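**Q** need coordinates for the below:
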Amino acid sequence: MYPELFEIPFVNLTIKSYGLMMVIGFLVAIFVIRSLSRDITASPQMITNAALYSLIAGVVGARLFYVVHHYSEFQGDWHNIFAIWHGGLELLGGVTFSIAVIIAYLFYHKLPVRRYLDILAMGLMLALAFGRIGCFLNGCCFGKPTELPWAVRFPYHSFSYLSQVYPNPARNRSEPWLKLPSEFFGYLVSNNDWIEAEQGNLKPYRLLSDKQKDEVKSGAYRALKVHPTQLYSSGNAAMLSLVLFLFWRWGIKAKKEPAIRKFTPTPGCTFALMFVLYGITRFLLESLRDDNPFEVDSLTISQIMGTGLAVLGLILMLVFFRAGPDKISLSRSGSPGT
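**A** Okay, here's the model as predicted:
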């Protein structure tokens with residue numbers, strides 16, 4: 001786990017792994033979107049502008065989603081809502097807000113909305129693939145304990161470790177996964193003394209004895225192995241990006257085949273398919289995670305939203321298919337969607 005990759009000299013500014021992977025994912029997505037949009041725009045700069053707006057909207061949406069989801073953490077300390085450098089972003093909120101901003105941008109500039117949304121879908125999934133690697137490096141979005149050969153073990157005081165050593169009523173867990181002796185819990189007072197208390201905070205690593213450090217590193221009290229759900233999610237997003245690309249290309253090729261032209265996906269169908277596939281896979285992947293609280297009948301908010309996204313995608317697929325092809329003039333003859 002590497003939440004901070006390195007520190008910039010003289011300014012004491014650390015580069016966060018999650019933020020860096022988000023930026024890399026954004027740049028890769030921009031490259032892909034610009035490349036695939038060449039045939040439907042005479043101004044690639046407009047694509048870059050839309051992407052920049054979506055990046056800003058993504059950060060704002062991810063933070064807002066986290067704050068709403070964890071509002072109790074900010075009660076009485078509302079100025080910390082803006083302290084995103086301390087962590088606290090949820091990708092689902094960022095993606096949702098980004099899409100809304102991009103749609104508004106496309107409508108405002110009278111651009112072919114459905115065609116851009118199809119290409120955007122592939123870019124979003126690629127960006128998500130990199131973003132989830134950032135989650136893995138940060139240690140968030142962790143999975144349930146497992147003994148599978150590819151399971152991973154996060155260090156002491158990581159998000160996963162903290163989840164394992166406390167009960168979690170929000171996930172219907174009355175007992176911790178990992179039971180630690182009472183000397184690991186307590187409170188650090190102003191003179192840096194540690195006061196033991198069974199229901200207190202987990203002792204900082206620097207205050208552990210040498211024996212305790214050995215126990216949490218390689219002994220009985222090291223973290224349980226868990227599903228690397230962040231990597232599952234990253235691989236899933238990359239796979240969905242490829243599936244969407246193949247579906248999009250098939251739609252272009254199918255227009256030239258009279259026998260199957262009737263069933264050719266129309267503009268917007270690739271975007272709708274993203275909702276369907278992501279909603280289903282997010283629902284399934286969430287069942288392996290151990291971080292989000294249950295909301296309704298042992299379902300997390302992400303599973304509820306995933307179900308909604310899948311249904312929305314099916315509705316959009318039907319709407320776009322019945323709407324037929326759009327009427328824009330393309331910049332090149334024989335270009336995609338003609």
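**Q** all strands for the stretch 51-200 of the chain, in order.
**A** Using DSSP state E, counting those that start in this stretch, the strands assigned to the stretch 51-200 of the chain run over residues 185-188, 194-196.
**Q** out of these, which comes closest to Thr281?
**A** Evaluated over the strands of the stretch 51-200 of the chain, closeness to Thr281 peaks at strand 185-188, with 37.9 Å, by Cβ to Cβ. To be clear about C-beta, it is placed using only N, CA and C from the backbone, and glycine gets the same treatment.
**Q** and that closest one, what's its mean pLDDT?
**A** Here the mean pLDDT over strand 185-188 is 90, rounded to a whole number.
**Q** stretch 303-310 now?
**A** If you average the pLDDT values across stretch 303-310, you get 93.
**Q** related to what we said a few turns ago, of the strands of the stretch 51-200 of the chain, which is nearest Phe6?
**A** strand 185-188 (27.9 Å).
**Q** and the helices in the stretch 1-150 of the chain?
**A** With DSSP state H, counting those that start in this stretch, the ranges of helices along the stretch 1-150 of the chain come out as 17-36, 44-69, 91-108, 113-138.
**Q** now stretch 291-301 - C-alpha only, PDB.
**A** What follows is the C-alpha trace of stretch 291-301 in PDB, where atoms were taken according to Å, rounded to 0.1, in the frame of the first residue of the first chain:
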ATOM      1  CA  ASP A 291     -16.100  -1.200   3.200                       C
ATOM      2  CA  ASN A 292     -19.500   0.300   2.300                       C
ATOM      3  CA  PRO A 293     -22.300   0.200   4.800                       C
ATOM      4  CA  PHE A 294     -25.500  -1.700   4.100                       C
ATOM      5  CA  GLU A 295     -28.400   0.600   3.300                       C
ATOM      6  CA  VAL A 296     -31.500  -1.600   2.500                       C
ATOM      7  CA  ASP A 297     -31.700  -5.400   3.100                       C
ATOM      8  CA  SER A 298     -28.000  -5.900   3.100                       C
ATOM      9  CA  LEU A 299     -27.500  -3.900  -0.100                       C
ATOM     10  CA  THR A 300     -25.000  -1.100  -0.300                       C
ATOM     11  CA  ILE A 301     -25.700   2.300  -1.900                       C
END
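**Q** which of the residues in that stretch are buried?
**A** Of the residues in stretch 291-301, those buried under the neighbour-count criterion (16 or more other Cβ atoms under 10 Å) are Asp291, Asn292, Phe294, Leu299, Thr300, Ile301.
**Q** tell me which residues touch the residue nearest to the fifth one when sequence neighbours are not counted, please.
**A** Nearest residue to Thr300 in three dimensions, chain neighbours excluded: Asn292, at 4.0 Å (Cβ to Cβ, 6 or more residues apart in numbering). Neighbour list for Asn292: Glu286, Thr300, Ile301, Ser302 [criterion: Cβ atoms under 8 Å, 6 or more residues apart in numbering].
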